[in-house]
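Sequence unavailable; structure follows:
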């Protein structure tokens with residue numbers, strides 16, 4: 001049975017990804033990407049031109065709604081919302097919390113609303129899934145008045161991925177989501193971990209921004225907060241240089257001069273010492289979070305890998321669980337190494353903790369939430 005047709009837009013600073021799909025089944029009618037938006041010679045001067053190009057080539061059923069991925073919803077947006085002028089203004093106000101993400105998303109929203117004025121537009125926020133974080137997990141131990149004045153708290157990200165992946169994991173196990181304690185690892189170029197207690201996020205590794213937590217392709221993840229101060233005083237790095245260092249020149253790139261995990265694993269396997277160290281640091285951080293979140297949850301029923309690295313890198317999955325048998329976490333080597341791109345269990349049949357690989361589908365989740373909001 002077909003459902004609403006939703007046009008999903010994921011607008012980045014220099015690209016616009018899109019998918020036209022059935023919100024009920026996830027069936028895609030069209031998808032693609034326009035890249036090099038705003039770059040000289042690209043022929044796509046801005047996001048409005050990119051969306052015009054997409055719509056001119058779009059072939060499929062009539063649209064019922066447009067769903068927009070927005071990274072940061074702050075404390076205000078705890079669920080998807082129909083976009084109006086007030087919502088646009090709020091997304092713009094939140095730009096300092098996600099300067100690389102919210103401004104292009106807003107540009108895409110405004111361009112799409114102008115091009116498609118006859119259908120509802122919905123904002124789906126990466127942060128919304130984590131609004132259930134308890135205060136003990138979301139509060140930073142800094143001056144409380146200063147934190148409140150500037151909205152400093154843990155927000156978390158990758159929420160649309162966590163929502164659909166946790167639901168799919170429960171389906172794969174044949175158990176109600178409401179009785180499962182999961183640690184989910186969203187491992188892509190950006191990476192995070194979440195402790196999900198019976199469907200609710202109770203802790204997550206990204207914080208005020210997507211910089212905190214796991215080692216990523218170009219982001220440092222966790223580090224001593226005095227390091228930027230030290231580098232400012234002794235290496236002469238200003239705020240912009242520190243931002244570039246931690247977000248664009250750290251992580252795997254900073255350690256191994258490679259940001260793609262496939263290249264890092266290949267180099268490490270070939271004996272490259274820098275790549276080997278980068279992989280060790282990456283896996284050490286993941287194990288750190290698995291153990292911490294098992295403690296937060298008071299036990300763990302399932303460990304779930306998702307996103308590009310989590311779904312496709314058997315060496316990373318094996319390394320991430322190495323030494324965790326005391327928690328009941330292990331992988332079956334044959335199952336882990338099997339050529340399979342679907343949802344699957346890779347732990348031993350008698351393992352007390354299910355280790356799963358569950359492909360994410362953030363576009364479908366955005367479509368589902370968009371359809372739900374517009375039906376109200």
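All right, it came through fine. Everything quoted here is computed from the prediction, not taken from an experiment.

Which parts of this structure belong to which domain?
The chain is divided into the following domains under automatic domain parsing: 5-125, 174-362.

Minimum distance to residue 372: which of those has it?
domain 5-125 (7.3 Å; Cβ to Cβ). All C-beta atoms are positioned from the backbone trio N, CA, C, and that covers glycine.

Just the endpoints, please. Distance across the closest one?
End-to-end span of domain 5-125 (Cα to Cα, to the nearest Å): 20 Å.

Out of the domains of the chain, the one nearest residue 375 is which?
Taking the domains of the chain one by one with Cβ to Cβ, domain 5-125 is closest: 9.5 Å.

Would you agree residue 173 is in contact with residue 354?
Yes. With contact defined as Cβ atoms under 8 Å, residue 173 reaches residue 354; the gap is 5.9 Å.

ok, back up a step: output the domains of the chain in JSON lines; the columns should cover mean pLDDT.
Below are the domains of the chain laid out as JSON lines (pLDDT from 0 to 100):
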{"stretch": "domain 5-125", "mean pLDDT": "91"}
{"stretch": "domain 174-362", "mean pLDDT": "97"}
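
May I see those arranged in CSV, with mean neighbour count as well?
Shown next, in CSV, are these (neighbours: other Cβ atoms under 10 Å):
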stretch, mean neighbour count
domain 5-125, 18
domain 174-362, 18
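
Dump those into TSV; add distance to residue 135 as well.
As requested, those are exported to TSV (distance: least, Cβ to Cβ, whole Å):
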stretch	distance to residue 135
domain 5-125	12
domain 174-362	11
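
related to what we said a few turns ago, which neighbours do residue 173 and residue 354 have in common?
With contacts defined as Cβ atoms under 8 Å, 6 or more residues apart in numbering, the residues adjacent to both residue 173 and residue 354 are 302, 345.

With residue 147 as the reference, name the closest of the domains of the chain.
Residue 147 lies closest to domain 174-362 among the domains of the chain, at 9.6 Å (Cβ to Cβ).

So what's the gap between stretch 96-105 and the chain middle?
Distance, stretch centre to chain centre, for stretch 96-105: 15 Å (Cα atoms, centre = their mean, to the nearest Å).

Apologies, that question was intended for stretch 262-282.
The answer for stretch 262-282 is 24 Å, by Cα atoms, centre = their mean.

ranges for the helices of the stretch 1-150 of the chain?
For the stretch 1-150 of the chain, applying DSSP state H, counting those that start in this stretch gives helices covering 47-57, 85-93, 102-115, 135-138, 144-149.

between the third one and helix 47-57, how big is the angle?
Angular relation of helix 102-115 and helix 47-57 on a 0 to 180 degree scale: 50 degrees, by axes from the mean of the first three to the mean of the last three Cα atoms, to 10 degrees.

which other helices and strands contact helix 102-115?
Under the contact definition 3 or more Cβ pairs under 8 Å, 6 or more residues apart in numbering; DSSP states H and E, helix 102-115 sits against strand 5-11, helix 47-57, strand 65-70, helix 85-93, strand 121-125.

Try it again at 10 Å.
strand 5-11, strand 15-22, helix 47-57, strand 65-70, helix 85-93, strand 121-125 (3 or more Cβ pairs under 10 Å, 6 or more residues apart in numbering; DSSP states H and E).

which helices and strands sit right next to the second one?
When you say that, I think you mean strand 15-22. strand 5-11, strand 28-35, helix 47-57, strand 65-70, helix 102-115, helix 362-374.

Give me the sheet partners of that strand and which way each runs.
When pairing is defined by DSSP bridges, strand 15-22 lines up against strand 5-11 (antiparallel), strand 28-35 (antiparallel).

And the residue located most distally from the centre of the chain, how far from residue 240?
Using Cα atoms, centre = their mean, the residue of the chain lying farthest from its centre is residue 234. It sits 34.1 Å away. Distance, residue 234 to residue 240, using Cβ to Cβ, to the nearest Å: 17 Å.

for residue 97, same thing?
17 Å.

How about residue 227?
Distance from residue 227 to residue 240, by Cβ to Cβ: 16 Å.

what does residue 36 give?
24 Å.

same question, residue 73
For residue 73, the distance to residue 240 equals 26 Å [Cβ to Cβ].

Can you show me the strands along the stretch 201-350 of the chain?
302-306, 344-345 (DSSP state E, counting those that start in this stretch).

Redo those as CSV? Include distance to residue 167.
CSV is the format used below for those (distance: least, Cβ to Cβ, whole Å):
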stretch, distance to residue 167
strand 302-306, 11
strand 344-345, 16
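
And those strands: which comes nearest residue 188?
strand 302-306 (8.7 Å).

Adjacent strands (with direction) for the closest one?
strand 181-187 (parallel), strand 354-357 (parallel).

could you give the angle of the longest one to helix 362-374?
Spelled out, it's strand 181-187. Using the same axes, to 10 degrees: strand 181-187 against helix 362-374 is 120 degrees.

follow-up on the earlier one: now distance to residue 201 too, for the helices and strands packed on helix 102-115, in TSV please.
Output for the helices and strands packed on helix 102-115, formatted as TSV (distance: least, Cβ to Cβ, whole Å):
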stretch	distance to residue 201
strand 5-11	21
strand 15-22	25
helix 47-57	31
strand 65-70	18
helix 85-93	22
strand 121-125	13
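
Of the ones you listed, give the one that comes closest to residue 248.
strand 15-22 (16.4 Å).

between that closest one and strand 65-70, how many degrees?
140 degrees.

roughly how far out does strand 15-22 sit from the chain middle?
Mean C-alpha position of strand 15-22 versus that of the full chain (Cα atoms, centre = their mean) differs by 17 Å.
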